[in-house]
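Novice: I'll drop the sequence and a predicted model, then ask my questions.
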Amino acid sequence: MENLRLLIIEDEVLIAEDLKDSVCSFGVKHIDMAHSEQTALKKIASFKPDIVFLDIRLDNANSGLKIAEDVLVKLKTPFIFITSHSDISMVKEIVKTNPNGYITKPFKLSDLYATLSIVVSKIINNQKSVIIQDGYNKHLILVSDIDYITSDGNYIDIVCDRKKITTRMTLDSI
């Protein structure tokens with residue numbers, strides 16, 4: 001999970017920080033946060049998260065649902081709702097957006113870990129990927145994220161939209 005890019009969209013800063021600390025304890029290193037709808041839309045475009053934790057009610061409105069429907073579904077970005085609202089009418093609205101998970105506040109660490117692990121597992125199993133090691137770091141790269149690969153003898157550069165990885169490997173071996 002260490003190379004996972006995770007965005008937390010939560011208007012209550014203390015809850016967002018607690019969620020961030022919890023996810024960091026799972027080994028996730030690339031985490032960004034947004035505390036309003038406007039900031040969230042900018043962060044989704046610039047940070048390009050792999051998974052989004054999304055509060056349903058931002059600024060006392062259902063703008064989390066709007067972000068899910070208008071942005072995340074179109075971008076095919078997996079998202080997990082975090083909310084303190086669990087009434088039947090709200091759940092019906094949530095189901096329409098087809099989220100990858102749903103966690104109620106206050107969340108339990110075990111529920112958070114289980115939900116995140118299941119989503120990550122689904123991402124990996126549904127897409128072809130390769131694991132590349134550059135020195136001590138291992139990178140899980142989805143084949144669909146690779147823009148191009150260049151070779152220079154015993155070294156290759158794998159260029160993706162989010163990063164470039166250089167490793168000692170021949171083009172034949174990859």
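Specialist: That came through fine.

Novice: list the buried ones in the helix or strand hosting Ile131?
Specialist: For Ile131, the host element (DSSP states H and E) is strand 129-134. By neighbour count with 16 or more other Cβ atoms under 10 Å, strand 129-134 contains the buried residues Ser129, Ile132. No exception for glycine: its C-beta is placed from N, CA and C like everyone else's.

Novice: I'd like the next helix or strand past that strand.
Specialist: As assigned by DSSP H and E, the chain's next helix or strand after strand 129-134 is strand 137-142.

Novice: what sits up against the strand holding Ile131?
Specialist: Strand 129-134 is contacted by residues Lys138, His139, Leu140, Ile141, Leu142, Val143, Ile158, Ile165, Thr166, Thr167, Met169, Ile174 when judged by Cβ atoms under 8 Å, 6 or more residues apart in numbering.

Novice: now that we have those residues, which one has the most neighbours?
Specialist: Most neighbours among those, by other Cβ atoms under 10 Å: Ile158, with 22 neighbours.

Novice: how much space separates that one from Leu14?
Specialist: Ile158 sits 39 Å away from Leu14, going by Cβ to Cβ, to the nearest Å.
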